[in-house]
Each structure stands twice: as C-alpha cells, then as structure tokens.
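> Need a 3D model of the sequence below.
(chains A and B)
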Amino acid sequence: KAGVTQTPRYLIKTRGQQVTLSCSPISGHRSVSWYQQTPGQGLQFLFEYFSETQRNKGNFPGRFSGRQFSNSRSEMNVSTLELGDSALYLCASSPHGNQPQHFGDGTRLSIL
Amino acid sequence: DQQVKQNSPSLSVQEGRISILNCDYTNSMFDYFLWYKKYPAEGPTFLISISSIKDKNEDGRFTVFLNKSAKHLSLHIVPSQPGDSAVYFCAASNTGNQFYFGTGTSLTVIP
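Sure, this is the predicted structure:
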C-alpha cells in the first residue's frame, strides 16, 4: 500500500511569491491534515479536510489556504511568502479522523 | 499558546536501559493521546496511542502512561535500542480532527 506522497520535496522561493504544495493521501483515507514544522515550535496545525470540506483550521493567517479534491488529494497554497514561512510542511492522512495519522515525508520550503 | 509541552529537548540513555519521555498538556478536554517517532528527512511515524478512559497502554517495548489529574503522559521504552534514536513527539486531540503536537524530544540511545 503506497504511503502519503508529498510533492515537491524541496522548494526555494523568494519573498512575495506564492507556492502550492501537493499531497496524495493513502488510498481510502478521506481526512487530510497539514502541519508546519519549524525548529523549536514542533508541528503546528494548519488545517484539516474531509470529503472536500475544511473541518478545522489552525491559527495561521489567511495567506495559508488549502483545498481537497474529490479523490482526496489535497493542495496547500501560501501567498505573499515571507521569510518566516521557511519550514517543513507535512501532510498527514487517516481514514476518518480521530485515528492515528500517516505522514508524508514533507516539503522543505525555503524563502530567500 | 502551546497546549502540549515536551520540556526536555533531548535525552540520552544507555542501550538496554529504560527511556522515559514526558509530555504535559493544559487542555482538560483532550481525550486522545498519541506518540510519534521521527527520523531525519522522514515524516513522523505513529508509535502508540491511549484514550482518556485508560491510564496505561502497552505495545511490545513501548508503554504509554496517562495521568489525567496531573495532565501528564509518558512514554517508556524498555529495553532501549540504538534504532530507537529519533525525535519523539506527543500529540493530543479533543475532537479527533485536530491534533496538537509537542515540540519533540530527541532521544539518543548509546550502544
């Protein structure tokens, strides 16, 4: 069974640009969550989607947005990039929620 | 506001001995707790979980203890092995759809 796939693995952008990250969950998983990991901050919850609907949103500015498609694949978009957005972005999936999540290996985003 | 805290950034243990990783939380509504292990350049991997109706859960060498009155959980690894060297995150949830993670504890098991 294929795991959670995140693309791209690495990305370099400059301030003011926008970026789109992609996540393909495990087949059959309908819940997809996104996290930001920075040194000393652990994993900060961004949002969670289930059946194309955002069920929960973390405390991030509106520059961070996401969506989920009918095949459960999800994308995360960050607009007007700032230096502080440099981080590892992790995607996790589970069948429904309230279950252990399976994580992808992340996208490392660097802002210059 | 960090609702889940891991106050020890790092821990070193001799191979064969017990590793104890600690986690504190502030939200009394949390009812589901998990531990994840993370190797460099990989995503976190689920290790073990516990619901608030229990105070202990075991899986092989891994045991998680929950003390609800103290809002504290711990992960015991016995015996510790060099392959256990990784960063360990605890996480908590009160709705099942949003998990709050700690900042992680880096465990080094010395052969």
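> Would you mind listing what in chain B touches chain A?
Taking Cβ under 8 Å from any Cβ of the partner chain as the measure of proximity, chain B contacts chain A at B:2, B:4, B:6, B:32, B:34, B:36, B:41-46, B:49, B:89, B:91, B:93, B:95-104. Where you see a C-beta, it was placed from the backbone N, CA and C, and this is true even at glycine.
> what about burial for those, which qualify?
For the residues of chain B next to chain A, burial is judged from neighbour counts taken by 16 or more other Cβ atoms under 10 Å in any protein chain shown, and it is met by B:4, B:6, B:32, B:34, B:36, B:43-44, B:46, B:49, B:89, B:91, B:93, B:96-104.
> Output the below-cut-off pLDDT ranges for chain B.
Counting by pLDDT under 70, the ranges of chain B that qualify are B:96.
> Okay, strands next: where are they in it?
B:4-5, B:10-14, B:19-25, B:32-38, B:45-51, B:56-59, B:62-67, B:72-77, B:86-93, B:99-101, B:105-110 (DSSP state E).
> winner for burial among the ones you listed?
Of the strands of chain B, the one with the most neighbours on average (mean count of other Cβ atoms under 10 Å in any protein chain shown) is strand B:99-101, at a mean of 25.
> which helices and strands sit right next to it?
For strand B:99-101, the contact count by 3 or more Cβ pairs under 8 Å, 6 or more residues apart in numbering or on different chains; DSSP states H and E identifies strand A:42-50, strand B:86-93 as packing neighbours.
> Kindly provide the distance from A:Phe60 to A:Ala87.
Here the distance between A:Phe60 and A:Ala87 works out to 11 Å (Cβ to Cβ, to the nearest Å).
> and the residue of chain A nearest chain B?
Nearest residue of chain A to chain B (Cβ to the nearest Cβ) works out as A:Asn98 at 2.6 Å.
> and that residue, what is it in contact with?
By Cβ atoms under 8 Å, 6 or more residues apart in numbering or on different chains, the contact set of A:Asn98 is B:32, B:93, B:95-97.
> try 10 Å this time
Applying Cβ atoms under 10 Å, 6 or more residues apart in numbering or on different chains to A:Asn98 gives the contacts A:31, B:31-32, B:51, B:93, B:95-97, B:99.
> and it, that one's in a helix?
No. In this structure, A:Asn98 is coil, not part of a helix, as judged by DSSP: H, G, I helix; E, B strand; the rest coil.
> gap between it and A:Gly62?
27 Å.
> Check B:Tyr100 too.
Noted for B:Tyr100: a distance of 21 Å to A:Gly62, by Cβ to Cβ.
> Kindly report the same for A:Val32.
In terms of Cβ to Cβ, A:Val32 sits 20 Å off from A:Gly62.
> swap in B:Pro9?
In this structure, B:Pro9 and A:Gly62 are separated by 32 Å, where distance is defined by Cβ to Cβ.
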